[in-house]
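In: Just need the structure, nothing else, for what follows:
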Amino acid sequence: MRLSKFLSLSVAMSRNQAKFFIRKGRVSVDGDVITDPNSEIADTSLVIFDGKPISIAAYHYVLLHKPASYICKTKDTQYTSVLELVKNRSEDRYYYFANVLGAELTGLVLLSDDAHWTTRMQRKLSKKSCVYQAKSKNIISDVQLRQAKEACLVFSENQIGPKINIQEQDEKTLLLSMNQTHISEIKDILSSVDLDIETLHLEQIGRLSLGDLTEGDYLELAENEIKV
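Out: Numbering: from 1, shown residues only. Down below sits the predicted model:
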């Protein structure tokens, strides 16, 4: 691995910043000061930056079951960040969200301190079909179900990607299969047929699901364990 890449992965800095510090003679490898950012180092090398040994810290990948009234932001003036639920996260790292749920929604959220992975995952998730569970306060009539399906069919005809599909799970619950970008449209459709939706819950994205993970809990996964 190049020394500049190793430094940027070990300390919170960009690759250009790492090159600058290396050229300034602030980095040594196995006792020798190295000023060439492109120098290759071995996995067993001892790297010192400003007098302190450094190493690449493992990235943190989290699958979380988001409760309502939490927000997918690092900070918010009105709602509590879902990061407060991740008890052993690193306070000196910045976390990114692979998908975002509004404060009123519940369900599956992926987050990580690995910015490059998060960006790649965002692109993948944007192409995947999501399964939402919509619970109505009242019994859903056959007329409301038919009208909602017809409205979704009309909307889907002009869209690229996964179509919106509605199935009845029980007398008060619908299962919605759609692209995550269509959440606003489906809420409008359900409202237009006078369905008073109590909760809207993201259960699955592609192959990735919450399983039996309870609300407010989370799993720490390895990067290769996250299959969508």
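
In: which parts of the longest helix along the chain are buried?
Out: Criterion DSSP state H: the longest helix present in the chain is helix 142-156. By neighbour count on 16 or more other C-beta atoms under 10 Å, the buried set for helix 142-156 is Gln144, Leu145, Gln147, Ala148, Lys149, Ala151, Cys152, Phe155, Ser156. The C-beta positions use only the backbone N, C-alpha and C, and glycine is treated the same way.

In: pLDDT below threshold where in the protein?
Out: 92, 161 (pLDDT under 70).

In: One more pass at 50, please.
Out: For the chain, not a single residue meets the criterion pLDDT under 50.

In: mind giving me the domain split of it?
Out: Structural domains assigned to the chain are 3-54, 61-126+209-225, 129-205, following automatic domain parsing.

In: What ranges does the protein have for its helices?
Out: 3-10, 15-23, 115-125, 142-156, 183-192.

In: Of all the ones you listed, which one is nearest Tyr61?
Out: helix 115-125 (7.4 Å; C-beta to C-beta).

In: starting at the chain centroid, how far to the closest one?
Out: Chain-centre distance of helix 115-125: 8 Å, with C-alpha atoms, centre = their mean, to the nearest Å.

In: residues of it that come out buried?
Out: Result for helix 115-125 [16+ other C-beta under 10 Å]: buried residues Trp117, Thr118, Met121, Leu125.

In: go on, stretch 46-66?
Out: For stretch 46-66, by 16+ other C-beta under 10 Å, it's Val47, Phe49, Ile54, Tyr59, His60, Tyr61, Val62, Leu63, Leu64, His65, Lys66.

In: which residues touch the third one?
Out: What it means is Ile54. Contact analysis of Ile54 by C-beta atoms under 8 Å, 6 or more residues apart in numbering lists Leu7, Ser10, Val11, Val47, Ile48.

In: Which strand residues bridge it?
Out: Val47 (DSSP bridges).

In: ok, now how distant is it from Ser8?
Out: For Ile54, the distance to Ser8 equals 11 Å [C-beta to C-beta, to the nearest Å].

In: The fourth one now?
Out: Taking C-beta to C-beta as the criterion, Tyr59 is separated from Ser8 by 13 Å.

In: try Gln144
Out: As judged by C-beta to C-beta, Gln144 and Ser8 stand 55 Å apart.

In: one step back: which one of the contacts of Ile54 sits closest to Ile34?
Out: Scanning the contacts of Ile54 for proximity to Ile34, where the rule is C-beta to C-beta, the winner is Val47, at 8.9 Å.

In: Format the buried residues of helix 142-156 as a markdown table; extra columns: distance to Tyr70.
Out: Formatted as a markdown table, these follow (distance: C-beta to C-beta, whole Å):
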| residue | distance to Tyr70 |
| --- | --- |
| Gln144 | 30 |
| Leu145 | 31 |
| Gln147 | 32 |
| Ala148 | 28 |
| Lys149 | 31 |
| Ala151 | 30 |
| Cys152 | 28 |
| Phe155 | 29 |
| Ser156 | 30 |
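
In: Name the pair among those residues with the greatest separation in space.
Out: Gln144 and Ser156 (18.4 Å).

In: Would you mind giving the buried residues of stretch 46-66 as JSON lines with distance to Val193 added?
Out: Shown next, in JSON lines, are the buried residues of stretch 46-66 (distance: C-beta to C-beta, whole Å):
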{"residue": "Val47", "distance to Val193": "62"}
{"residue": "Phe49", "distance to Val193": "61"}
{"residue": "Ile54", "distance to Val193": "59"}
{"residue": "Tyr59", "distance to Val193": "44"}
{"residue": "His60", "distance to Val193": "42"}
{"residue": "Tyr61", "distance to Val193": "39"}
{"residue": "Val62", "distance to Val193": "36"}
{"residue": "Leu63", "distance to Val193": "33"}
{"residue": "Leu64", "distance to Val193": "32"}
{"residue": "His65", "distance to Val193": "29"}
{"residue": "Lys66", "distance to Val193": "27"}
